[in-house]
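Asker: Sequence plus predicted model, see below.
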Amino acid sequence: MKPGLEICAVSVASVINAEKAGAARVELCAGIYEGGVTPSYGIIASAKKYTSIDINVMIRPRGQDFCYSDIEFEIMKKDIEFCKELRVNGVVFGILNSDGTVDTQRCSELVKIAHPLHVTFHRAFDMTPDPYAALEDIISTGADTILTSGQQNTAFRGRHLIAGLVKMAKGRIEIMAGGGINEENILKIKNDTGADFFHMSASKNIDSKMIYRKQGIYMGGMPGIPEYGIRESDTERIKKIKDILSER
């Protein structure tokens, strides 16, 4: 299989850049500093309007953990229905039980609602106690892809587990490596894991157009998150990484 790149995009501009660079698809989300949450209807609709690239939409009602209330589960179902109306390529979600295992009942229900859209089980997988049991549970739900860093902070550090997952999956589900992937390590990760799809932001910082900049106030309440910098997919970086992947 020809290796593919999925770009994590948090704006319509990033989706446009990913398409220009020849990425296979994008994961569209908001709230990147929370690990990604569901983007607005307007962002999804505009991304569809201005591009033709495959768009997989994050379905996550909030940040923090992946154990959701009944109300939050209803929100996820409604967001998937909106995505179907907009004819996106797929959706991305993950639900865990309080003991960290995969909530197969709820995930199976979401897969059925999403059909025929592509379904990715996201890095909630990396928070499970037994990755191989979680693999089988996710396969049982009918999901198409698992996004994982190999239960480490980066896919490079988790590459040996990713390799084990690829081997155990035996083609029953796509194992997509993601987390800290860049130009320097993607070939090593590819060769060591046997994965064919890779998830990354490949972004650059765009300086704000604001001239007046209020200092010492943080809209998210967390110092360190840039108030006057915008992360955007970098077309040249994506092209470069595609070239690296095609080397061997």
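Answerer: Structure received.
Asker: Can you mark which positions in stretch 182-194 are buried?
Answerer: N185, I186, I189, K190, D192, T193 (16 or more other C-beta atoms under 10 Å). (C-beta placed from N, C-alpha, C; glycine too.)
Asker: Reformat these into CSV and put secondary structure, distance to L147 and pLDDT next to each item.
Answerer: Formatted as CSV, these follow (DSSP: H, G, I helix; E, B strand; the rest coil; distance: C-beta to C-beta, whole Å; pLDDT from 0 to 100):
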residue, secondary structure, distance to L147, pLDDT
N185, coil, 17, 96
I186, helix, 15, 96
I189, helix, 14, 97
K190, helix, 16, 96
D192, helix, 18, 97
T193, helix, 13, 98
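Asker: for those, which one is nearest L161?
Answerer: Nearest to L161 among those, counting by C-beta to C-beta, is T193 at 9.0 Å.
Asker: any idea how far the closest one lies from K170?
Answerer: Noted for T193: a distance of 15 Å to K170, by C-beta to C-beta, to the nearest Å.
Asker: now swap in E85 and tell me
Answerer: E85 sits 35 Å away from K170, going by C-beta to C-beta.
Asker: try K204
Answerer: K204 sits 38 Å away from K170, taking C-beta to C-beta as the criterion.
Asker: With I230 instead?
Answerer: Distance, I230 to K170, by C-beta to C-beta: 42 Å.
Asker: Settle it for me: which of those two has more neighbours?
Answerer: Neighbour totals were compared for I230 and K170, and I230 leads with 16 against 7 (other C-beta atoms under 10 Å).
Asker: Report the secondary structure state of the residue lying farthest from the centre of the chain.
Answerer: In the chain, Y212 marks the outermost C-alpha relative to the chain mean, sitting 34.1 Å out by C-alpha atoms, centre = their mean. Per DSSP: H, G, I helix; E, B strand; the rest coil, the secondary structure class of Y212 is coil.
Asker: For it, give me phi and psi.
Answerer: As for Y212, its main-chain torsions (degrees, to the nearest 10) stand at phi -80, psi 130.
Asker: please renumber so the chain begins at 26
Answerer: Fine by me, first position is 26 from now on; the one you just mentioned is Y237.
Asker: To what extent is I242 buried, counted in neighbours?
Answerer: 7.
Asker: Distance of the closest residue in space to it that isn't next to it in sequence relative to M235?
Answerer: Spatial nearest neighbour of I242, excluding adjacent residues (C-beta to C-beta, 6 or more residues apart in numbering): E252 at 7.6 Å. Distance of E252 to M235, computed by C-beta to C-beta: 9 Å.
Asker: Which one's more surrounded, those two?
Answerer: Comparing E252 with M235 by other C-beta under 10 Å, the one with more neighbours is E252, at 15 against 9.
Asker: Tell me which residues of stretch 104-121 come out buried.
Answerer: D104, I105, C108, V113, N114, G115, V116, V117, F118, G119, I120, L121.
Asker: Stretch 85-101 too?
Answerer: Neighbour-count burial for stretch 85-101 flags R85, P86, F91, Y93, F98, I100, M101 (criterion: 16+ other C-beta under 10 Å).
Asker: Tell me which two of the residues you listed sit farthest apart.
Answerer: For the buried residues of stretch 85-101, and using C-beta to C-beta, no pair is farther apart than F91 and I100, which are 13.9 Å apart.
Asker: From I78, how far off is I164?
Answerer: To I78, I164 is 27 Å away according to C-beta to C-beta.
Asker: who has more neighbours, these two?
Answerer: More crowded of I164 and I78, by other C-beta under 10 Å: I78, with 22 against 16.
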